[in-house]
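**Student:** Pasting the sequence and the predicted coordinates here, then a few questions.
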Amino acid sequence: MSDTGYFHLHLVSDATGETLITVARAAAAQYANVSPVEHLYPMVRSKKQLDHAIAEITEAPGLVLYTLLEEDLIETLETKCRELGLPCMSVLGPILRVFQSYLGAETMQRAGAQHVLNAEYFQRIDALNFSMMHDDGQHVVGLEEADVVLIGVSRTSKTPTSIYLANRGIKTGNYPLVPGVPVPPEVERLKRPLVIGLYASPERIVQIRENRLLGLNAHRDDDQYIDKTAVAEEIAYSRRLCAKHNWPLIDVTRRSIEETAAAVMKLLGERRRAPVI
């Protein structure tokens, strides 16, 4: 690899390529001094489609990862990579071999099997529709049907976390805590959903809000939106509210959306496993 600070990363898939993207980015994130230039080739299921990918790999040599099930396509791709002197690896191959060894059964050899229109798929769609409808305090009464309700002051990542959880089939609503606006009784009386408070340090909230105002080319120095003392009071109020109702809290100051969602799912799992008294 050259010392340009980047490298070409070719992702060849017979399905959508989501698995490849996730694995490749997780690995690439461990290398701070170089960045991948991603080349994605989804739905590669014929020799003609593979030839197109190979042409681009030849033009921009780099690391090749694939999720292919057709043996002829695999052999063609690996042979060409050997000729070019390029590393080429199946992402699912080693995992499938472990499964086969343990289960003693052959795979179905079905491309994109994780994307079939089964009950789980429709559960995710239903959860997404619910989360969009109950975003930012909309339809408060309907929140009782949620699995999770996130509350917090502005810019605590409630909406993106809700969408991420919905993609996991978890019906998630969220409600914003706004200074001077009382929390509706319907929210304080929630029984079925797990209500979780999201909070961050005042410094972090102010930073995000200032960046948002800059992005919107807005100016709000005349109010308390980015005043550190006022923001600290907002956060203190949200924590008092959660303590009052015994709602768990998650500090999102240094968490990514994925990490926050993982913490939410852990709390939800613990609640579902807890014995009913």
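**Tutor:** Noted; the coordinates are in hand. Numbering: from 1, shown residues only.
**Student:** Am I right that residue 238 is in a helix?
**Tutor:** Yes: under DSSP: H, G, I helix; E, B strand; the rest coil, residue 238 falls within a helix.
**Student:** ok, it - contacts?
**Tutor:** Residues in contact with residue 238 (Cβ atoms under 8 Å, 6 or more residues apart in numbering) are 151-153, 177, 197, 199. Every C-beta, even on glycine, is put in place using the N, C-alpha and C of the backbone.
**Student:** Make CSV from those and add pLDDT, distance to residue 273 and neighbour count to it.
**Tutor:** Shown next, in CSV, are the contacts of residue 238 (pLDDT from 0 to 100; distance: Cβ to Cβ, whole Å; neighbours: other Cβ atoms under 10 Å):
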residue, pLDDT, distance to residue 273, neighbour count
151, 98, 23, 26
152, 98, 25, 28
153, 97, 30, 23
177, 97, 29, 23
197, 98, 21, 23
199, 98, 26, 23
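**Student:** Now stretch 264-277 - C-alpha only, CSV.
**Tutor:** C-alpha atoms of stretch 264-277 as CSV (Å, rounded to 0.1, in the frame of the first residue of the first chain):
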residue,chain,number,x,y,z
VAL,A,264,-31.0,0.9,25.9
MET,A,265,-31.3,-2.7,24.6
LYS,A,266,-29.4,-3.9,27.6
LEU,A,267,-31.8,-2.2,30.0
LEU,A,268,-34.8,-3.5,28.0
GLY,A,269,-33.4,-7.0,28.1
GLU,A,270,-32.9,-6.8,31.9
ARG,A,271,-36.5,-5.6,32.4
ARG,A,272,-37.9,-8.4,30.3
ARG,A,273,-36.0,-11.0,32.2
ALA,A,274,-36.9,-9.6,35.6
PRO,A,275,-39.5,-11.7,37.5
VAL,A,276,-43.0,-10.3,37.7
ILE,A,277,-43.8,-9.5,41.3
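**Student:** What residues of that stretch count as buried?
**Tutor:** The neighbour-count check on stretch 264-277 (16 or more other Cβ atoms under 10 Å) flags 264, 268 as buried.
**Student:** Could you do stretch 75-92 as well?
**Tutor:** For stretch 75-92, the neighbour count (16+ other Cβ under 10 Å) marks 76-78, 80-81, 86, 88, 90-92 as buried.
**Student:** Let me see the residues that make contact with that stretch.
**Tutor:** For stretch 75-92, contacts defined as Cβ under 8 Å, 6+ apart pick out 12, 19-20, 23-24, 47, 50, 53-54, 57-58, 61-68, 74.
**Student:** One more: stretch 249-256?
**Tutor:** Residues outside stretch 249-256 that contact it (Cβ under 8 Å, 6+ apart): 156-157, 196-201, 204, 239, 242, 260, 263-264, 267.
**Student:** Report the buried members of those.
**Tutor:** Looks like the contacts of stretch 249-256 have 156-157, 196-200, 204, 242, 260, 263-264 buried, using 16+ other Cβ under 10 Å.
**Student:** Any figure for the gap between residue 142 and residue 175?
**Tutor:** Computed as Cβ to Cβ, to the nearest Å, the residue 142 to residue 175 distance reads 12 Å.
**Student:** Compare those two and say which is more crowded by neighbours.
**Tutor:** The residue with more neighbours, out of residue 142 and residue 175, is residue 175; 23 against 14, by other Cβ atoms under 10 Å.
**Student:** That one looks like it's in a strand, true?
**Tutor:** Yes: judged by three-state DSSP, residue 175 forms part of a strand.
**Student:** Surely it and residue 187 touch.
**Tutor:** Yes: Residue 175 is in contact with residue 187 according to Cβ atoms under 8 Å; the separation is 5.5 Å.
**Student:** hey, what's in contact with both of these two?
**Tutor:** With contacts taken as Cβ under 8 Å, 6+ apart, the residues that reach both residue 175 and residue 187 are 140, 143, 149, 151.
**Student:** ok, those vs residue 165, which is closest?
**Tutor:** Comparing these against residue 165 with Cβ to Cβ places residue 149 closest, at 10.9 Å.
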